[in-house]
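In: Pasting the sequence and the predicted coordinates here, then a few questions.
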Amino acid sequence: MDSEEARRALEQAGADRASTVARAAAPRWYYPALGGCLLFAFASVSIDWDLIPYGVIVGIGLGPLLVTMAAARATGVSLDRFHATPGARRITTFYGPFVIALIGIGLALEWGADLRWSMAVCGVLALAGTVVAGRRVDRAVAEELRA
């Protein structure tokens, strides 16, 4: 390979990287939809005892899976956004315990203190936290992919 071919290959790799960075950001609806799945899971506890299995299956399992598949199809890039780069993992180390704490607080208030709709309120906070953390994850992933 001569130097001209090597230069063209490097330029092509740079163009491919720029294209990937441009498509790596999640669609605007992605994080609100993920948060909505969590909200459904949380709210199912407040709505009716019989809905809890559906809340867990749809809100924590099937819903996020389908939303992530739709985002991958919309962007053409499939990646584990919350663990894609070191910056994204740092954000996730705060987001994950935040959601777990909301589960604990919501259950303690809903069942322990008998405060109805506490889990639903915690679900709204989980939705907001997912959107905020998700937007930060997108910025971190884009910055680190550009570097």
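Out: Perfect, thanks for sending it. Numbering: from 1, shown residues only.

In: make it CA atoms for all contacts and neighbour counts henceforth
Out: Noted.

In: Helices of the protein, start to end?
Out: 3-24, 30-47, 52-56, 63-75, 86-107, 118-146 (DSSP state H).

In: For the fourth one, report the contacting residues that lie outside it.
Out: Think helix 63-75. By C-alpha atoms under 8 Å, 6 or more residues apart in numbering, the residues outside helix 63-75 that reach it are Arg23, Ala24, Ala25, Ala26, Pro27, Tyr30, Ala33, Leu34, Cys37, Ser78, Leu79.

In: Arrange these in CSV, one row each, with distance to Leu145 and pLDDT as further columns.
Out: As requested, these are exported to CSV (distance: C-alpha to C-alpha, whole Å; pLDDT from 0 to 100):
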residue, distance to Leu145, pLDDT
Arg23, 11, 63
Ala24, 9, 70
Ala25, 11, 80
Ala26, 14, 85
Pro27, 17, 90
Tyr30, 20, 94
Ala33, 24, 97
Leu34, 23, 96
Cys37, 28, 97
Ser78, 14, 75
Leu79, 12, 78
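
In: okay, now Gly36: neighbour count?
Out: Burial of Gly36 is recorded as 22 neighbouring residues (other C-alpha atoms under 10 Å).
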